[in-house]
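K.L.:
What follows is a predicted protein model with its sequence.
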Amino acid sequence: MSARVPRLALRALSKRFGTLTALAPLSLELPPGSIHGVLGENGAGKSTLVRVLAGALRPDGGTVSIDGRSLPPGEPRAARAAGIGVVYQHFALIGALSVAENLLLGRPEATGRLISPRRLAAGAQALAHRHGLAIGDPTRPCVALPVGTQARVEILRALSGGPKILLLDEPTAVLTPPEIAELFATLRRLRAAGLLVMFITHKLDEALALCDTVSVLRGGRLVATVAAGGLSAARLAGMMVGVSADAASPVAPPRAEALPGTPAAPTASATPLPANETPTPAGGAATAAGAAPATPAVAAAALASEPAPAMLAVRNLTTAAEDGRVALQGIDFTLASGEICGIAGVDGNGQDELAAALYGLLDRRGTVAVADARLPPGDVAATQRAGMALIPGDRRRDGLALGLAVWENVLLSAPLLGHFTRHGILDVASAGRFAGELAREYRVTLTDVAQPIAGLSGGNQQRIVIGRALALHPRVLIAVNPTRGLDIAATTQAHATLARAARTGTAVLLISTDLDELIALSTRLFALYRGRLAGPVNPDDRERLGALMAGLAA
């Protein structure tokens with residue numbers, strides 16, 4: 001192939017969804033042996049571009065060429081045959097199948113052949129070893145894997161066909177820092193072997209550390225394509241949000257005047273509001289001065305004094321190691337009204353189990369009390385009535401019904417649904433108006449609350465999940481990785497929302513694998529390691545926190 005022929009060439013590629021322009025006519029040429037970053041806010045068109053290139057979505061216009069040969073539009077099999085491997089933002093593994101079986105799915109050699117389990121497992125281990133991505137036992141069902149291991153399996157599956165082009169859509173969103181370093185080493189080896197890697201991300205530091213060139217999308221349009229060397233994070237952020245470099249770092253929180261109103265204080269009980277009142281969304285943006293999240297200095301002062309009376313009290317919380325879950329062992333902590341308490345830990349150490357046990361989704365022993373009222377184990381309805389709300393870690397799996405409309409997803413909360421239901425009849429008009437108000441307050445970009453929520457970007461979906469959780473001003477909010485996969489502006493808004501909820505009296509339990517997020521927001525920090533809780537630790541004591549996360553410190 002001539003050096004002048006690009007590995008990937010896009011010519012006037014475009015895609016619309018109704019009145020929404022997902023991709024304006026976009027043209028781009030990329031050479032082999034390079035890593036190209038694609039950045040942009042949620043809804044900028046990044047995932048749409050990936051789906052078009054992978055053949056999962058037919059463009060409205062334009063062409064895609066690989067090594068000078070045009071690619072048939074909307075044909076995933078043709079895209080794979082031409083050398084495109086893809087890892088989507090939301091995993092496509094079949095949970096009941098093993099790691100080795102998932103790695104074989106879609107491969108031509110799997111058609112019409114019998115392959116022994118031993119040979120299948122050996123091939124999976126050889127593939128993992130070749131690319132330096134550990135997968136553990138290849139015979140283990142994928143449903144039992146920690147999310148970081150699932151991500152590695154997805155990447156290995158994309159690499160199993162020996163692609164010329166590797167598309168990675170937000171691949172580090174669920175990875176820990178050591179896993180990210182491992183992935184970057186693999187991608188650099190692939191670049192040296194001649195692959196073109198398209199790295200879709202919203203994390204500026206990762207793009208600058210890894211990529212040779214970057215393209216910025218905004219509102220479906222290609223803003224610029226520039227060399228990453230010498231590019232500052234401030235300039236890159238400014239290109240993403242459409243402001244100057246000086247204004248881009250740090251990103252300013254959303255303005256309070258854009259909100260329809262200020263949030264009310266938490267109610268004395270967790271029951272739905274009276275029938276003649278309308279729920280008021282709890283405030284999806286930051287106020288101006290004084291709205292910043294807690295800092296480590298504030299946290300240090302909080303540690304030095306006795307906390308306020310406990311809003312959430314957990315004593316000897318213990319769960320069984322069933323269905324591949326991590327067993328929680330003797331968890332004890334309290335959470336005060338108005339406090340943000342962080343739980344740090346490497347993925348797979350019991351974070352999901354802790355949230356599920358507290359919220360009534362997982363059977364448990366021990367006691368959980370909200371405002372001195374004990375919660376029965378395994379009873380979500382009682383938990384909600386007591387005033388506890390949850391922002392789940394996987395919005396698509398646990399937080400949304402993707403086939404339903406936006407307004408219907410807003411009502412996926414028993415207290416909210418009860419408020420708009422009289423004598424078994426749902427007041428659709430009132431529910432729709434409320435959903436529209438919540439969408440405006442949380443700055444959700446949509447055409448209509450009746451549209452399927454699956455059509456929204458990940459950031460806009462997450463805004464709905466957060467707004468729904470805070471709509472009735474809960475006493476206790478459990479937030480699990482609330483900013484995973486979000487861009488700068490959406491992350492800033494989510495952080496400001498959590499801080500604002502705490503200022504109005506909600507006790508916030510922040511369970512996150514993002515240390516910077518935990519340190520910025522938390523007044524106290526604990527670490528979860530193999531189902532055991534250690535701490536508290538001062539948020540600015542990174543060394544001790546790291547030791548606790550690794551199970552190395554007493």
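P.N.:
Perfect, I can see it now.

K.L.:
ok so His129 is a helix residue?
P.N.:
Yes - assigned with DSSP: H, G, I helix; E, B strand; the rest coil, His129 falls within a helix.

K.L.:
helix or strand right after the helix or strand hosting Ala124?
P.N.:
Using DSSP states H and E, Ala124 sits in helix 117-131. For helix 117-131, the succeeding helix or strand toward the C-terminus, using DSSP H and E, is helix 147-159.

K.L.:
when you compare where that following helix runs with where helix 117-131 runs, what's the angle?
P.N.:
On the basis of axes from the mean of the first three to the mean of the last three CA atoms, to 10 degrees, helix 147-159 is oriented at 90 degrees to helix 117-131.

K.L.:
And the pLDDT for the residue sitting nearest the centre point of the chain?
P.N.:
Geometric centre of the chain, nearest residue: Arg484, 2.7 Å, by CA atoms, centre = their mean. The score at Arg484 is 78. That number is its pLDDT.

K.L.:
what about the closest residue to it other than its chain neighbours, neighbour count?
P.N.:
Excluding its sequence neighbours, the residue lying closest to Arg484 (CB to CB, 6 or more residues apart in numbering) is Ala173, at 5.2 Å. Just so you know, the C-beta spots here come from the backbone N, C-alpha and C atoms, and that holds for glycine as well. Residues lying near Ala173 (other CB atoms under 10 Å) number 21.

K.L.:
So Ala173: helix, strand or coil?
P.N.:
For Ala173, the secondary-structure state derived from three-state DSSP is coil.

K.L.:
what's the helix or strand for Ala56?
P.N.:
For Ala56, there is no host helix or strand (DSSP H and E).

K.L.:
Contacts only, for it.
P.N.:
Shown in contact with Ala56 (CB atoms under 8 Å, 6 or more residues apart in numbering): Gly74, Pro76.

K.L.:
Ramachandran coordinates for it?
P.N.:
Note on Ala56: its backbone torsions stand at phi -80, psi -10 [degrees, to the nearest 10].

K.L.:
Could you do Leu472 as well?
P.N.:
Leu472 adopts backbone torsions of phi -110, psi 20, taken as degrees, to the nearest 10.

K.L.:
Quick check: it touching Leu417?
P.N.:
No - judged on CB atoms under 8 Å, Leu472 makes no contact with Leu417 at a distance of 11.3 Å.

K.L.:
These two: which has the busier surroundings?
P.N.:
Using other CB under 10 Å as the criterion, Leu472 and Leu417 rank with Leu472 on top: 25 against 15.

K.L.:
Check the spacing between the more buried one and Leu515 real quick.
P.N.:
31 Å (CB to CB, to the nearest Å).

K.L.:
Gly74 too?
P.N.:
Relative to Leu515, Gly74 is positioned 41 Å away (CB to CB).

K.L.:
These two: who's more crowded?
P.N.:
Using other CB under 10 Å, the more surrounded residue of Gly74 and Leu515 is Leu515, with 18 against 14.

K.L.:
The more buried one and Thr383, how far apart?
P.N.:
According to CB to CB, Leu515 and Thr383 sit 28 Å apart.

K.L.:
count of neighbours near the residue nearest to Ser337 when sequence neighbours are not counted?
P.N.:
Closest residue to Ser337 apart from its sequence neighbours, by CB to CB, 6+ apart: Met311 at 4.4 Å. When counting by other CB under 10 Å, one arrives at 25 neighbours for Met311.

K.L.:
rewinding a little: output the contacting helices and strands for the helix holding Ala124.
P.N.:
Of the remaining helices and strands, those touching helix 117-131 by 3 or more CB pairs under 8 Å, 6 or more residues apart in numbering; DSSP states H and E are helix 99-104, helix 147-159.

K.L.:
quick one: it to chain centroid distance?
P.N.:
29 Å (CA atoms, centre = their mean, to the nearest Å).

K.L.:
Mean confidence (pLDDT) on it, please.
P.N.:
Averaging pLDDT along helix 117-131 gives 83.

K.L.:
So which bits of that helix are buried?
P.N.:
Within helix 117-131, the residues that count as buried by 16 or more other CB atoms under 10 Å are Leu120, Ala121, Gly123, Ala124, Gln125, Leu127, Ala128, His131.

K.L.:
Go ahead and confirm Ala12 touches Val64.
P.N.:
No - counting by CB under 8 Å, Ala12 sits too far from Val64 to count as a contact (10.7 Å).
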